[in-house]
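**Q** how would this look folded up:
(2 chains)
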Protein chains: 2
Amino acid sequence: MQDLAAFLSSNAGSMKKSVIRELLKLTNQSDIISFAGGLPAPETFPVQELREASDRVFEKYGTIALQYGTTEGDNDLKARLVEYESAQGVSLGMQNLLITSASQQALDMLPKIFLDPGDYVIAGRPTYVGAIQAIQSYQGKMLGIPFSASNDGFDMVELEKRYERAKSQRKRIKYIYLIPDFQNPSGICWSVEKRRAIIEFAYREDLFIVEDSPYREIRFIGESIPSIYQLEQGMENRGIVINLKTFSKILAPGTRIGWVIAREDIIQKMVVAKQAMDLCTSVLTQKMIAEFMATGKLRNTIERTCGIYRDKRNFMLEKLEEYMPKRFDLTWTKPEGGLFLWLSLPHYIDTEKLFYKATEKKVAYVVGSAFYFDEPEVNSMRINFSYSSFAQIDEGIHRLAEVIKDEIDSYEAGSRGQTSPEGL
Amino acid sequence: MQDLAAFLSSNAGSMKKSVIRELLKLTNQSDIISFAGGLPAPETFPVQELREASDRVFEKYGTIALQYGTTEGDNDLKARLVEYESAQGVSLGMQNLLITSASQQALDMLPKIFLDPGDYVIAGRPTYVGAIQAIQSYQGKMLGIPFSASNDGFDMVELEKRYERAKSQRKRIKYIYLIPDFQNPSGICWSVEKRRAIIEFAYREDLFIVEDSPYREIRFIGESIPSIYQLEQGMENRGIVINLKTFSKILAPGTRIGWVIAREDIIQKMVVAKQAMDLCTSVLTQKMIAEFMATGKLRNTIERTCGIYRDKRNFMLEKLEEYMPKRFDLTWTKPEGGLFLWLSLPHYIDTEKLFYKATEKKVAYVVGSAFYFDEPEVNSMRINFSYSSFAQIDEGIHRLAEVIKDEIDSYEAGSRGQTSPEGL
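**A** Residues are numbered from 1 along each chain as shown, chains lettered A, B, ... in the order given. Below is the predicted model:
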C-alpha cells in the first residue's frame, strides 16, 4: 500500500487539522455548551426573505443562474456591492471588485499570488487560524507583532524593532495581514491613529496591507472607525490596501459569498488565481444575495444582528463578573463588536490541558494557542457569544468559572505545599 | 505606487489568464458563433425540479442550510452519493467522500497536498488547462506523455521511456493525472486494457493516480468502461486512485458542487487542505442537490443530456464531412461521449494566428496550444458541440471550413510560388 506520508508536500506532511474545526466536531456530538467556533446566531438569518429571493432568481434567470459564471463575479451582485460600499464612503468601481467563495478563499488566494516559499507576512499575534493555515499552505512564513497594551492595534515600537531585525536578516516581506475591526480572536479594534500609522509604515517600507473585515459591520457599541482601505484613499491613494469582506457574519455563512476590494491590477491577478482554484463562484447564490440586497433589507438584518449580539455580549460580560474569581491575572476583553471575547488566565494555567477538564464539565472554548504561529501563549482562550442562547451563556460561564476556580485552587494548594511544607 | 510586479510570487508573475476564459469573454461580447468554452447546454438543466428542491431545502432545513457546514460535506448529499456510486459498482463509504466546490477545487487541492516546488506530475499531452494552471500555481512541474496512435490512452512505450529518463534525472514524481473518459480536450476514451496497464505501472513505480471524471456519465455511444478507481478495487485494492467527479456536466455547473472518492487517509489530508481554502462548501446548494437526487430524477436528466449531446455531436460530424476540405492531414476525433471534438490541421497552420481570421468571420474555437504545458502542437483546435444550437453548428462549421480552406489555399499558392516559380 502506497505510504501516503512519503508522498505529501513538506507543508501537508506537517499540516494539522484546524483546532477550531476539530473542537467544533467534538462539541457538536454531545450535550456540551460550546463557546468554541465562530458561528453566527441562526436567529439572525432572514430565512423567509432569502427563500423569496432564491425563488425570484429561478423565476427571473432560470438556466443563467445554473450555468458557469465569470470568474470576476456576477455583475448584478457587483453593482449592488458598489452601491453598498459607496454608501459607507468607499470609492470603487466594478473593476475594483472580485467575488470570492467567502473570505477564506481570498485568504488562500493572497499567498498564492504574493508568496514564494520562505517569503514573509507580518501579522498580529494572536491572529485568525484560517489565515495562518492558508499562508503556511504555500510555505509562507509569518512575522508576529504583539498588540499594544492599550489594545488599539499593533505595538508600533515592537513592529519597528522586529521589522528591522527581519530586514537585516534579508527576509523578504510581502504584506501585512490585519483584522482591524474586532479582531479574531482578541476582539481588539484598531484606533484611527494606529490605522493611519500602519498605512504610513506600509508607504515607507513599500508593503501591501491585507485588511480582513469580516466583522466590520458587526459593531454594536460606539462609532464606526473608517476602514484602512478608506483611510488610504484619503491619504496618498496608492492602492496598497486589499480589503476582504464577506456575507458570512452579516447575512448567512451558508451562502459562501465574499468580496475583495482592491486596485484593478491586483484584482486582475486574483482573477487569474481564482481560475485555477474554482473557476467561478456559484451564480445561483450570488444572484440570490443580489436579489435580497435589492429589497433594501440587508441594513435591517445587520441592525437586528447587532442588537442581538449586543445583548448576548452584555449578558456574557455580566455572567463573567458574577461567576469568575476576582483576580488581577484573570481578565477579558470587552469588545464593541464582533463575535468573541478573549480571556487571559493566570500564567500557570495551560488552556490546552484545561480543555479536557472543561469538556468533562460540558463546556468548551478555543485554546488560545491555536491563534499563534510562533511561540504560543498558553494561558488564554477565545469564547464566542453570538451562537449560544442566554440560558446556555449563563450555565456555560458558570461551568467555565468552576473549572478555572478548581485549577487556581489546586495550583495554590500545591504551591503553598511546595514553598512552605511546614505550614501544612 | 507599489509596483505589483515586484511583489508577485514567481509563479503569479508568469501566470497567464486562462486562454479559454479570455476567449469566452471575447466571444460572449459579439455575434460570434463560439465553439470555444465547455459550457453544458442550458436546455439540459432541470430548472423547475431544482427550484422545487431549493424550496424544500428552505422549508425543511431553514437556518441549517444557511449556517456553516462541515468541511467534509453535507451528510445527506454524501449518503446520496454513496448510493449513486454503489449503483455504478464503486465500493465506498461516507469516509471515502469529500464534497468540493466543484472539481476545479479538487484539482487545486491535490498539488497543495502532494507537491513541493519542483515536484512532477505525469499528464497527457494535451490535457485540461485548469489542471495545468493548478499544478503550476504550486510551482509543480509536468511530464507530458503523448497518446497512442489508436487513441485508446497513453502511448505506454513513450511513458516508460520518458519516465525512465525523468527518474535518471532524479525528478520526484508524485502522481499521474488522467481524464480517461472523453478527455478534455481530445475526446479520447481509454480502453480497459490501457486502464489496467496504467494501474500496473503505478503499482510498480509506487505512484498515485488522479482520475478526473467530469464527463464519465456523458457517454452517448457504446458501453461504459469501468473507471480506473473501480478497476483498481478489483485488482490489489491498494487505494492508489483518487477519483474526481462533479455535477457541472451531469446537472448544472452553477451549483459548484463536486466530490472526491479516495482512501480515507487521503480524504483526511484533503479535508485539512480544504479548511484553509474555503472552510466548507455551501450547505444550501449541497442540500438542494441532495433533495433533487432524492426524487430519483438525476438518472433521467443524464439520459436526456446524453441524447441531446449525441444528436449535436452527430450533426457536427455530418457538417464537418460536408464542409471541410477532404485531406489526409485534416482530421477530427469522433468521441463516444463528452463535450468536445479535436481537430488536427495541416502542419503549416498555426491555430493561434488563424484565430483572428476566424473571429473576423465570426466563429471561435480554443487554440490547441492552450492544452500543452510543454512544446505545444500549434496545428490543432478544440471545438465544443454541447452548447451551440443546431443552426449555429451548421453555420459555425461552415464558417470555420471557409477559414481553413482559405488558409490552405493561400499556403499552397505561396508554396507553389516558392518551389516552382517558373511554373507560374
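**Q** how far out from the middle of the chain is stretch A:221-241?
**A** Centroid separation between stretch A:221-241 and its chain, computed with CA atoms, centre = their mean, to the nearest Å, is 19 Å.
**Q** Does chain B have contacts with it?
**A** Yes: using CB under 8 Å from any CB of the partner chain, stretch A:221-241 reaches chain B at A:238, A:239, A:240. The way it works is simple: take the backbone N, C-alpha and C, and place the C-beta from them, glycine included.
**Q** Check the gap between the residue lying closest to the second one once chain neighbours are set aside and residue A:229 for me.
**A** In other words, residue A:239. If the residues on either side of it in the chain are set aside, residue A:239 comes closest to residue A:263, at 3.4 Å by CB to CB, 6 or more residues apart in numbering or on different chains. Distance from residue A:263 to residue A:229, counting by CB to CB, to the nearest Å: 10 Å.
**Q** can you check residue A:171 too?
**A** According to CB to CB, residue A:171 and residue A:229 sit 26 Å apart.
**Q** Would you state the strands of the stretch 251-400 of chain A in chain order?
**A** Ranges of strands in the stretch 251-400 of chain A, per DSSP state E, counting those that start in this stretch, are A:258-261, A:331-332, A:340-344, A:363-364, A:366-367, A:380-384.
**Q** Next: the stretch 101-250 of chain A.
**A** Using DSSP E, counting those that start in this stretch, the strands of the stretch 101-250 of chain A run over A:120-125, A:141-146, A:173-178, A:208-212, A:241-246.
**Q** would CSV of those with mean pLDDT and mean neighbour count be doable?
**A** Formatted as CSV, the strands of the stretch 101-250 of chain A follow (pLDDT from 0 to 100; neighbours: other CB atoms under 10 Å in any protein chain shown):
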stretch, mean pLDDT, mean neighbour count
strand A:120-125, 97, 24
strand A:141-146, 97, 18
strand A:173-178, 97, 24
strand A:208-212, 98, 25
strand A:241-246, 98, 26
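**Q** Buried subset of the residues of stretch A:221-241 next to chain B, written for PyMOL?
**A** The buried residues among the residues of stretch A:221-241 next to chain B can be selected in PyMOL (16 or more other CB atoms under 10 Å in any protein chain shown) with this line:
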select buried, chain A and resi 238+239+240
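**Q** Going by distance to residue B:389, which of the residues of stretch A:221-241 next to chain B wins?
**A** Set against residue B:389, the nearest of the residues of stretch A:221-241 next to chain B by CB to CB is residue A:239 (44.0 Å).
**Q** which residues touch the closest residue to residue A:107 other than its chain neighbours?
**A** Leaving aside its sequence neighbours, residue A:107 sits nearest to residue A:134 (CB to CB, 6+ apart; 4.5 Å). Neighbouring residues of residue A:134 by CB atoms under 8 Å, 6 or more residues apart in numbering or on different chains: A:104, A:107, A:108, A:110, A:111, B:276, B:277.
**Q** buried stuff in the lengthiest helix in chain A?
**A** Ranked by number of residues, the top helix in chain A under DSSP state H is helix A:390-419. For helix A:390-419, burial by neighbour count (16+ other CB under 10 Å) applies to A:393-401, A:403-404, A:407-408.
**Q** Kindly reformat the residues you listed as a markdown table containing distance to residue B:251.
**A** Below are those laid out as a markdown table (distance: CB to CB, whole Å):
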| residue | distance to residue B:251 |
| --- | --- |
| A:393 | 43 |
| A:394 | 47 |
| A:395 | 45 |
| A:396 | 42 |
| A:397 | 47 |
| A:398 | 49 |
| A:399 | 46 |
| A:400 | 46 |
| A:401 | 51 |
| A:403 | 49 |
| A:404 | 51 |
| A:407 | 53 |
| A:408 | 57 |
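**Q** if we take those, which one ends up nearest to residue B:333?
**A** Ranked by distance to residue B:333 (CB to CB), these are led by residue A:396 at 63.4 Å.
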